[in-house]
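Chemist: Just to be clear, the model below is a prediction. Sequence and coordinates:
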Amino acid sequence: MILRKLIVSVACGVWLLVWAPAGLANEGGGEEAKEGEAAVGPQYVPLEGLLVNLEGRRHYLRVEVQLRVDSGASAERIKAHMAPIRHALIMLLGGRNPEQIAQMQEREKLRQEAKHEIEKVLAPRHADEGLEDVYFTDFLIQ
């Protein structure tokens, strides 16, 4: 009986840690766009995680990227071109030297290169207006 209560308590705790923060994130004061309206003000557009092979044997990079855009309208324009954006980033990041990109200065340089590559993808599609910055929100070299 005690073991059963312990299991239920642990399950509830795990549920709260995993699901409750997502539900609480939108509480309190924030203006959300109604259906059919673009959100006003800066937005962050997350890309699906990227996993690329690095130079050498059995080295890889896992990176999460978010794009900062000036408005919800810009976010929607950019979201329509995620496949070519992901392709450009995979081509940019793959084959890099793991020791080199482990250095902070090189990661910052790589971030700037990523922004430039994304702008090159979006410009011919008339979707580059509104892209403000690119952030690596997770960067794991192994």
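Modeler: Cool, got the structure.
Chemist: And the next helix or strand past the lowest-mean-pLDDT helix or strand in the chain?
Modeler: Every helix and strand of the chain was ranked by mean pLDDT, DSSP states H and E. The lowest is helix 2-24, at a mean of 50. Using DSSP states H and E, the helix or strand that follows helix 2-24 in sequence is strand 43-46.
Chemist: what does that following strand contact?
Modeler: Residues from elsewhere that reach strand 43-46 (C-beta atoms under 8 Å, 6 or more residues apart in numbering): 64-72, 74-75, 78-79, 135, 137. All C-beta spots, glycine's among them, are computed from the backbone N, C-alpha and C.
Chemist: Narrow those residues to just the buried residues.
Modeler: Val65, Gln66, Leu67, Arg68, Val69, Ser71, Gly72, Ser74, Ala75, Ile78 (16 or more other C-beta atoms under 10 Å).
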